[in-house]
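1. Here you go, sequence then predicted model.
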Amino acid sequence: MFKPRRPTEIHQASGGSFSGSLKVELVSATPGKVICEMKVEEEHTNRLGMLHGGMTATLIDIISTTALMYTERGAPGVSVDMNITYMTAAKVGEDVVITAQVLKEGRTLAFTTVDLINKANGKLIAQGRHTKHLGS
């Protein structure tokens, strides 16, 4: 069973594709829950200089998958459904805390939730729910 231990292994947990440019730091990991941080940089933003919605979706996908890697089963699964609610913007230079938690891991499906919070003011930037198929 693969269990990521270092921040660079988030890249491996996500399949090692385009996630290397995320620049996310793994702060803590317990069974079914991970906390990460990142600083919003230019490459993470839209043309208005705010955290891009697609980048937010990518973070929710990858960090929730990392939380699944920290369960007894350790299976990353494949995405079935993802829902994101965007609440406020994050600007270049701001630090974001990303907390992912496995709500339920069943025989074939897993349900996760992810919160992106502005570290300085505590405001909720976005919240996502991600359902993954784990196989049979």
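-> Alright, I've got the coordinates. Numbering: from 1, shown residues only.

2. from the middle of its chain, how far away would stretch 39-49 be?
-> 17 Å (CA atoms, centre = their mean, to the nearest Å).

3. Could you tell me the end-to-end distance of that stretch?
-> With CA to CA, to the nearest Å as the measure, stretch 39-49 spans 13 Å from end to end.

4. Buried residues, it. List them.
-> If you call a residue buried by 16 or more other CB atoms under 10 Å, then stretch 39-49 has these buried ones: 40, 44-45. Glycine gets a C-beta too; all of them are placed from N, C-alpha and C.

5. could you give the mean pLDDT of the helix ranked longest in the chain?
-> If you go by DSSP state H, the chain has its longest helix at helix 53-69. Regarding helix 53-69, the rounded mean pLDDT is 95.

6. Do you have the strands of the protein handy? List them.
-> Residue ranges of the strands in the chain, as given by DSSP state E, are 25-30, 33-39, 78-86, 95-105, 109-118, 124-133.

7. For I63, which of those is the nearest?
-> Among the strands of the chain, strand 95-105 comes nearest to I63, with 4.4 Å by CB to CB.

8. Mind giving me the packing neighbours of the closest one?
-> strand 33-39, helix 53-69, strand 109-118 (3 or more CB pairs under 8 Å, 6 or more residues apart in numbering; DSSP states H and E).

9. That strand pairs with which strands, parallel or anti?
-> According to DSSP bridges, strand 95-105 forms sheet pairs with strand 33-39 (antiparallel), strand 109-118 (antiparallel).

10. Give the buried residues for the last one.
-> Meaning strand 109-118. Buried residues in strand 109-118, counting neighbours by 16+ other CB under 10 Å, are found at 110-118.

11. Burial check on the closest residue in space to K39 that isn't next to it in sequence, number of neighbours?
-> What sits nearest to K39 in space, not counting adjacent residues and going by CB to CB, 6 or more residues apart in numbering, is D95, at 5.4 Å. Neighbourhood size, D95 [other CB atoms under 10 Å]: 13.
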